[in-house]
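Undergrad: sharing a sequence plus its predicted fold:
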Amino acid sequence: MKEKRFVQAFLAITAVFFLFGCAAQKPAGLPPFFAKHFHGSMYQSTVDNFVILLDASSSMNDDCMGNPKFMVGKAIVEHMNMTIPELGQTAGLRSFGHADAISKNETELFYGMTRYNSAALDKKIGEISKAGGYSPLGSAIAAMGTDLEGLSGKTAVIIISDGLDMAGDTAQAQAVKEQYGDALCFYPIQVGNDEEGTAFLSEIAGIGGCTNLMNAKDVLCPGGMSAFVERVFLQKVVAPPPAPAPEPAPTPIDSDGDGILDPDDQCPGTPAGAKVNAVGCWVLDNVLFDFDKDTIKPEAFSQLDDICEILKKNPAMSVELQGHTDNIGSKKYNMDLSQRRANSVAKYLADKGIARNRLATTGFGFDKPVALNSTDFGRSLNRRVEIHPY
């Protein structure tokens, strides 16, 4: 166990005040995240066990993409948890750091080892509340080796860290690798781009012998995370060959011209000019609301004006405006709040000339989140209105 650089030790003390003072802020500048759903009927797990090791040491309070590295690291864990399908794997979440000169709590198993359940893991992610102390990755890897005792099959170890002040910790990684051999792989993801961390984590990846070092920016976006999860955790189920067909299967087309081919389009019939998400559904991704508010943010006006133009060009089309909330407060209160949010959007469109009888409104409360409610950032994405033509 090694001491941090002097300046990082100072930051570790001041970071507590920073974190409490900024607890209500969401990560700034990170790309919006919508998890890809891997259907269990189409994929099978290539690992029997996986363990996530999250760096919670004091250097993780340094800046990365306008946020503390620790917040970026937690976002990666949350996005990964939203993306990995539950296929009977045994899972664990262990952090390391959050220690001082007196405490011996260098590493802690927050979840597992148990059958993977994304909702249960999500709750445990929220319990890792701050970063501080030393960088005992070696202790975490050694403890992880003990966590795996009694388990069989292949294991993926995902290390999310900046890689700083860990130069002597390769010995523990080598020992665990020798203990489990080809059944264990290390998948390090570097938060930040310090050369010292890059060199160390690349060495860890080399010991694992399964992958090259990844960087946080490569997995924060939905496409990067889904590619990482598919490469590390999954393989497609090989379907039996189809029966001979009299004619070749038709080439998939995009009937509504929204850029999503029909087999992948969950919302066919989207009007021309509508902005759609990855599954072809018309989205209002800028119509987000402040906490406990039903007032439309000004930055959404231009998008709502575009929707007015689309509705005017399609006079036979009606839409349902679906309001949603985060999970803070009672179910009854949030149902009313979500209805008020949908009504606010309907009033805006009606004031712009769209007949009110073309604008149905429904409130769903917090029953249909699109992001995890365990963080401020996730809750901000759930305070929304969606539009569905009919």
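TA: Ah, there it is.
Undergrad: can you pull out the low-pLDDT segments for the stretch 201-350 of the chain?
TA: Residue ranges of the stretch 201-350 of the chain with pLDDT under 70: 279, 283-287.
Undergrad: can you map out the helices along it?
TA: Applying DSSP state H, counting those that start in this stretch to the stretch 201-350 of the chain gives helices spanning 216-219, 222-233, 301-313, 331-351.
Undergrad: need the residues that contact the next helix or strand after the longest one.
TA: Which is helix 331-351. For helix 331-351, the following helix or strand on the C-terminal side (DSSP states H and E) is strand 359-363. For strand 359-363, the external contacting residues (C-beta atoms under 8 Å, 6 or more residues apart in numbering) are 318-323, 335-343, 345-346, 349-350, 390. Yep, even glycine has a C-beta here, placed from its N, CA and C like the rest.
Undergrad: re earlier: now the helices of the stretch 201-350 of the chain in a markdown table, with mean neighbour count and distance to Asp292?
TA: Formatted as a markdown table, the helices of the stretch 201-350 of the chain follow (neighbours: other C-beta atoms under 10 Å; distance: least, C-beta to C-beta, whole Å):
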| stretch | mean neighbour count | distance to Asp292 |
| --- | --- | --- |
| helix 216-219 | 19 | 32 |
| helix 222-233 | 18 | 28 |
| helix 301-313 | 15 | 21 |
| helix 331-351 | 19 | 7 |
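Undergrad: need those in TSV with distance to Pro136, can you?
TA: Below are those laid out as TSV (distance: least, C-beta to C-beta, whole Å):
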stretch	distance to Pro136
helix 216-219	21
helix 222-233	24
helix 301-313	48
helix 331-351	42
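Undergrad: any idea which of these gets closest to Lys368?
TA: Closest to Lys368 of those is helix 331-351 (C-beta to C-beta; 9.5 Å).
Undergrad: that closest one vs helix 301-313, what angle?
TA: Here the directions of helix 331-351 and helix 301-313 differ by 60 degrees (axes from the mean of the first three to the mean of the last three C-alpha atoms, to 10 degrees).
Undergrad: could you give the angle of helix 331-351 to strand 359-363?
TA: Counting by the same axes, to 10 degrees, helix 331-351 lies at 160 degrees to strand 359-363.
Undergrad: and helix 331-351, what other elements does it pack with?
TA: If you count contacts as 3 or more C-beta pairs under 8 Å, 6 or more residues apart in numbering; DSSP states H and E, helix 331-351 packs onto helix 301-313, strand 319-323, strand 359-363, strand 385-389.
Undergrad: within its sheet, name the partner strands of the second one and how each one runs.
TA: Spelled out, that is strand 319-323. Sheet pairing of strand 319-323 (DSSP bridges) gives strand 359-363 (parallel), strand 385-389 (antiparallel).
Undergrad: tell me the most buried of the ones you listed?
TA: Compared across the strands paired with strand 319-323, strand 385-389 shows the largest average neighbour count, a mean of 21 (mean count of other C-beta atoms under 10 Å).
Undergrad: what comes into contact with that one?
TA: Residues outside strand 385-389 that contact it (C-beta under 8 Å, 6+ apart) are 267, 269-271, 281-284, 287, 289, 307, 317-324, 341-342, 344-345.
Undergrad: same check on stretch 270-278?
TA: Residues from elsewhere that reach stretch 270-278, judged by C-beta under 8 Å, 6+ apart: 34, 36, 222, 256-260, 267, 280-283, 285, 303, 306-307, 309-310, 313-314, 317, 389.
Undergrad: again, only using 10 Å
TA: 32, 34-36, 222-223, 226, 255-260, 264-267, 280-286, 303, 306-307, 309-311, 313-314, 317, 319, 370, 386-389 (C-beta atoms under 10 Å, 6 or more residues apart in numbering).
Undergrad: mind listing what's buried along that stretch?
TA: 270-271, 274-278 (16 or more other C-beta atoms under 10 Å).
Undergrad: residue boundaries of the helices in the stretch 51-200 of the chain?
TA: With helices called from DSSP H, counting those that start in this stretch, the stretch 51-200 of the chain shows them at 69-83, 118-127, 137-147, 170-180, 195-208.
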